[in-house]
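J.: Below is the structure, and that's it, no one-letter string:
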């Protein structure tokens, strides 16, 4: 069992095909699989559908695949901060399926957990409920949402051991665990691969069973909105 | 916000009532809320329904509440190892609803996550599917299982800080997080209360938002099946 | 006197008023804009802020040079942690939201109806960015508190009989705090709970399209 | 020669045969009884054992005096961890089972049908202990391998046209390993893949009620 690949291109070798559904981790530009996205751009795979909370910015994250017209459809909760996205969407080149953020996260987890459908009150009485089955419990309506079963998951973690056990850092965890769970194959990029046994078994955020391939590399980790406060002068 | 109570009886004060539904953590005798179960016995609360994977043994775990006839119904996956349980069940004194173990765990998590129902293929074509809605995805049948919404959760953790952040130890985690999530009120018993800030924020197993009351105490932590291997002599 | 001429509370006063709704021990989610300012007015109440991208116990902005790209809030701003902080994934985060574990959310709005309907995510024909976590929040949290200007830039009421914009949630709003005062969503319409400085109940009625009972 | 007189493989041989079905890199769940013995025969294949009470990377029993009450397997036996071990809660554990992440489960059985139905949790009228995680496992894992004696203590076939006992799962079994040999569940019936030492295909047919094609 060797899960470690020398670079992102190698880690994606043989798992990409046109028209596939990819679940990607990340929130905004935080915790996104930036190396794997660049490798998908270089591979030129087309007509991709991405289940991803956001679509990156023009020149980073999924945005780089919008520039190359490799994305057919986005399943996202928020796609602001991306002019190219809006241009393609408004011109009809790009499909967009809005999911409430929690519904999207739960749909990914559900897919990974063998749950094809679940009920939620999120979106009841809004456009989100259109065409969806409704069921009542205790006088409250709930809509049926479906699990996402992706062809491929791409995620970004902080550290991995060689068995694929992953840990994340702070809010860079976000969608990465549910995205990792819902793919037939999951490729993870990490900042550091550590020796087996050096991660605390009680504190593995995502067990290696979910992770099929690992690649280590340098990450830009771009900050989208740098907000600071001033040190008070004594 | 003070979540720390001096003892198990105080931690349960005002939250017990006859006929209530209690979700309890633990698997076998591992990670069970033994102090809180003893306090419920002492409180004498009656006609209890427990959602708990197991029913303890005759003189430990939920078994102590069977001896005092405080339990009306169990929602469990496995109730072996308990003669008094079987006596009461066969005589009709005790109701029993068998849930597959994973269905039980997911029902608890679902309740805690505001999901009143989800579909699973576990139990399709068995007695478990009787009377349940069936729905097909991709030619495969799935049955609708419902979230558990408990009046009270009782769980056992290793350490807590005073805001209720919990960490568990090894396989004593088991049902404790999902059980904690699904109760209106959650009371946790722990081996140690540590100062705020001494738990790593990346490694909180159950955030304090789920935990309303905490009690620290000595735990027997009984072993159900002591299995060992021999040291090879050189 | 025209409703549009009434000033009432400013942004910080509205935020301070919203903070009064929060009590000790609450876990709270604050939206972007004025709601963010609420954190400045909780005083010594023990409030834990959730950031729906996976954090409880959100701290203030970092000092210059201490920004961490792995530590942002739901508005994608760099922030800091506290000694009570915990991190978790997005499915868990929205599990606690959907499951009613968050006591209150303070959110901005474009429109609110007298039935508590909320519209704050989409203007048809304009750039649509998405609902993010707003639909989950209004559906799931214990109490939804809207903070917004009472009227739009054309002086038209944002508190309506029916929302004209696509909804974020139906019958979800509990309390509306505007520059003119505080309105509670009741079964038969809105109740004026409080008027802003220099504002009368009649001023509020004049500036409101919705039924005030 | 009566089927009941044929011995074929013993417990350890059956376990060893089951171990041949496992390949490098697999995550596997082993049931109680003979399936537990499979771990002794994986050789240098890189197999990770799941314990459904919340652990991947299950190690052997502890040395005397090193038992840890917080570290047990699904059979409630004290065990140890390995350097690849991870712990998680029961909802996550069964999420990976239900989600098909576990490549194979090796389980005991009371009865198996030619359609792959499995009965291994309940005998009506007798003490019923519950299905535990068995129903989840057979519904969720990639491949279900049953290891059991071919006949019961009365010499009657446990490999049947239809199960008589309440099912654990319908059409879930992929492979049946008994003391007499190895049977694969096909669309039209069972196929004999292998005979145990000293056992002929005719011996298996004679000992089997189910259709063998």
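T.: Ah, there it is. It should be emphasised that the depicted structure is a prediction, and the values quoted were computed from it without experimental measurement.
J.: just so I have it, where are all the helices in chain C?
T.: C:11-19, C:34-37, C:90-98, C:134-140, C:201-206 (DSSP state H).
J.: got it, and chain A?
T.: Taking DSSP H to define them, one finds helices in chain A at A:8-12, A:34-43, A:63-67, A:83-90, A:101-112, A:176-181.
J.: just to revisit the earlier point, chain D is nearest to which of the helices of chain C?
T.: helix C:90-98 (10.3 Å; C-beta to the nearest C-beta). The way it works is simple: take the backbone N, C-alpha and C, and place the C-beta from them, glycine included.
J.: That closest one and chain B, any residue contact?
T.: Yes: counting by C-beta under 8 Å from any C-beta of the partner chain, chain B is contacted by helix C:90-98 at C:94, C:95, C:96, C:97, C:98.
J.: Now render these as TSV, adding distance to chain D.
T.: Listed next are those as TSV, based on distance: C-beta to the nearest C-beta, whole Å:
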residue	distance to chain D
C:94	15
C:95	10
C:96	14
C:97	18
C:98	15
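J.: Can you pull the residues of chain A lying near chain D?
T.: Contacts of chain A with chain D, taken as C-beta under 8 Å from any C-beta, map to A:1, A:109, A:111-115, A:161, A:163, A:165, A:181, A:196-197, A:201-202, A:204, A:207-210.
J.: Can I get the buried part of those as one PyMOL selection?
T.: Only the buried entries of the residues of chain A next to chain D go into this PyMOL selection, using 16 or more other C-beta atoms under 10 Å in any protein chain shown:
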select buried, chain A and resi 1+109+111+112+113+114+115+161+163+165+181+201+202+204+207+208+209+210
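J.: near chain C too, which of the residues of chain A next to chain D?
T.: Among those, proximity to chain C is found for residue A:109 (C-beta under 8 Å from any C-beta).
J.: The residue nearest to residue C:35 when sequence neighbours are not counted - how many residues pack around it?
T.: Using C-beta to C-beta, 6 or more residues apart in numbering or on different chains and skipping residues adjacent in sequence, the residue nearest residue C:35 is residue C:106, 4.1 Å away. Residues near residue C:106, counting by other C-beta atoms under 10 Å in any protein chain shown, number 30.
J.: now the one 3 residues further on
T.: Neighbouring residues of residue C:109 were enumerated by other C-beta under 10 Å; the total is 25.
J.: could you measure it against residue C:150, distance?
T.: Distance, residue C:109 to residue C:150, by C-beta to C-beta, to the nearest Å: 11 Å.
J.: Same check on residue A:183?
T.: Counting by C-beta to C-beta, the gap from residue A:183 to residue C:150 is 48 Å.
J.: Check residue C:192 too.
T.: As judged by C-beta to C-beta, residue C:192 and residue C:150 stand 12 Å apart.
J.: Return every residue with contacts to both of those two.
T.: Counting by C-beta atoms under 8 Å, 6 or more residues apart in numbering or on different chains, the contacts common to residue C:192 and residue C:150 are residue C:204.
J.: What residues does residue C:156 make contact with?
T.: Applying C-beta under 8 Å, 6+ apart, we find residue C:156 in contact with residue C:209.
J.: is residue 49 in a bridge, and if so with what?
T.: No chain was given, so I picked chain A. Here residue A:49 sits in beta bridges with residue A:21, residue A:73, going by DSSP bridges.
J.: hmm, I had chain C in mind actually
T.: residue C:28.
J.: show me the contacts for it.
T.: Neighbour list for residue C:49: C:27, C:28, C:29, C:30, C:39, C:56, C:57, C:58 [criterion: C-beta under 8 Å, 6+ apart].
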